[in-house]
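Chemist: just a sequence and a predicted model for now, questions to come.
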Amino acid sequence: MTFWLTLAGVLLLLAAIPRIRCFFKRMSLCIRLKQVCRRREFHLIGTHPLWMLGHKRGSACDFYVETSGSVWAVKLFGMARKNDALVFNQTGRYFVRHFAAFISYGSTVRIPIESKARSLPAYDFRRNYHMEWEIKTPRPVLLVHPTCREIHRQPQSGGETIIGAGDVVNGMEVFSLTRLISALEGEL
């Protein structure tokens with residue numbers, strides 16, 4: 001009986017590792033963003049009490065970064081596994097490409113397994129928006145954090161292209177945390 005309980009506990013722990021990783025990455029995000037905002041005298045405003053734990057299925061943005069000339073409305077989009085690929089298509093849908101690795105005759109073969117395509121919610125980037133921000137430039141951002149190995153765009157004509165920092169997908173600029181911090185550091 002204790003063997004089965006121990007085995008169940010180990011399996012639960014292994015299943016929880018991606019969620020634990022996500023939690024610690026989000027705490028790191030909170031600390032790093034607060035440091036940048038304090039150093040540059042920007043304002044970091046959360047839209048709900050646990051803004052740093054926002055998820056991709058929520059409908060509103062998770063926080064704002066107010067700079068002197070713009071307002072960055074940020075929606076958090078976390079990836080549980082770092083070796084996955086995130087793929088957006090032109091119709092407002094996305095899917096995750098997992099990779100199964102097999103070792104055969106001394107070499108490794110990675111086989112892609114695609115998840116079911118899901119629709120991106122219509123994110124509300126004006127939740128708790130302040131009236132004094134109306135004169136500033138709005139910047140809707142999809143922050144992929146924790147991030148994955150690659151982020152792709154799948155045009156209707158077929159094929160895929162890798163998305164770079166600041167590329168626009170469905171009206172949102174896509175950033176990783178390090179690229180967002182670099183863009184905020186470059187903000188005047």
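Modeler: That came through fine. Note that the structure is a prediction, hence the values are computed from the model and not measured. Residues are numbered from 1 along each chain as shown.
Chemist: who does the strand ranked longest in the chain pair up with?
Modeler: With DSSP state E setting the assignment, residue counts place strand 93-104 as the longest strand in the chain. Taking DSSP bridges as the criterion, strand 93-104 forms sheet pairs with strand 85-89 (antiparallel), strand 107-114 (antiparallel), strand 118-119 (antiparallel).
Chemist: contact partners for the residue nearest the centre of the chain?
Modeler: Averaging the C-alpha coordinates of the chain gives a centre point, and the residue nearest to it by CA atoms, centre = their mean is V144 (1.8 Å). By CB atoms under 8 Å, 6 or more residues apart in numbering, V144 lies in contact with F77, G78, M79, L86, I151, V174, F175, S176. Every residue, glycine included, has its C-beta placed from N, CA and C.
Chemist: now do C61
Modeler: Residues counted as contacts of C61 (CB under 8 Å, 6+ apart) are T47, A73, V74, K75, Y123, D124, F125, R127, P140.
Chemist: same check on P18?
Modeler: Taking CB under 8 Å, 6+ apart as the definition of contact, the neighbours of P18 are A80, R81.
Chemist: name the element it belongs to?
Modeler: Using DSSP states H and E, P18 maps to helix 2-40.
Chemist: next: R139.
Modeler: Per DSSP H and E, R139 falls inside strand 137-144.
Chemist: what residues of that strand count as buried?
Modeler: Going by neighbour count (16 or more other CB atoms under 10 Å), the buried part of strand 137-144 is R139, P140, V141, L142, L143, V144.
Chemist: dump the residues you listed into JSON lines; add distance to I17 as well.
Modeler: Compiled in JSON lines, the buried residues of strand 137-144 are given as follows (distance: CB to CB, whole Å):
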{"residue": "R139", "distance to I17": "34"}
{"residue": "P140", "distance to I17": "32"}
{"residue": "V141", "distance to I17": "28"}
{"residue": "L142", "distance to I17": "25"}
{"residue": "L143", "distance to I17": "22"}
{"residue": "V144", "distance to I17": "19"}
